[in-house]
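Enquirer: Model the structure of this input:
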Amino acid sequence: MFQKSKLKKAIKNCQKRIALLEQKRARSQAALVEAILRQIDPDDTDVEYFNQFTEQIEQERNRMHDMMRLLDDLK
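Expert: The predicted structure is shown next:
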């Protein structure tokens, strides 16, 4: 029973972290879209930030999905 509540709390923390990372990624994404619309090369730092945040989001999602599978196995 304790493990279920611990997993649920960890899943919620993952969701919050993903939301925060997506907000940060949106800033660099907006800069990339603006560069595309202006038909100029995007700034390298914006590209790096976008790729970094995307990777972190994917890792956090994978972690969250693993915890959700564990939670389903406990039910």
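
Enquirer: Just confirm residue 42 contacts residue 31, I think it does.
Expert: Yes. Residue 42 sits in contact with residue 31 when judged by C-beta atoms under 8 Å, with a separation of 6.7 Å. In this view, the C-beta of every residue, glycine as well, is placed from N, C-alpha and C.

Enquirer: who are the neighbours of the helix ranked longest in the chain, in terms of helices and strands?
Expert: Secondary structure assigned by DSSP state H gives helix 2-38 as the longest helix of the chain. With contacts taken as 3 or more C-beta pairs under 8 Å, 6 or more residues apart in numbering; DSSP states H and E, helix 2-38 sits against helix 44-74.

Enquirer: Give me the distance between stretch 47-66 and the centre of its chain.
Expert: Distance of stretch 47-66 from the chain centroid (C-alpha atoms, centre = their mean, to the nearest Å) equals 5 Å.

Enquirer: And the pLDDT for the nearest residue to residue 63 once chain neighbours are set aside?
Expert: Nearest non-adjacent residue to residue 63, counting by C-beta to C-beta, 6 or more residues apart in numbering: residue 14, 6.0 Å away. Among the per-residue scores, residue 14 holds a pLDDT of 97.

Enquirer: Can you report how many residues neighbour residue 14?
Expert: Using other C-beta atoms under 10 Å, residue 14 has 19 other residues around it.

Enquirer: next one: residue 50
Expert: Counted with other C-beta under 10 Å, residue 50 comes out at 20.

Enquirer: Spit out the contact partners of the residue nearest the centre of the chain.
Expert: When C-alpha atoms, centre = their mean is applied to the chain, the residue found nearest the centroid is residue 57 (2.3 Å). Residues counted as contacts of residue 57 (C-beta atoms under 8 Å, 6 or more residues apart in numbering) are 18, 21, 22, 25.

Enquirer: And those, which of them are buried?
Expert: 18, 21, 25 (16 or more other C-beta atoms under 10 Å).
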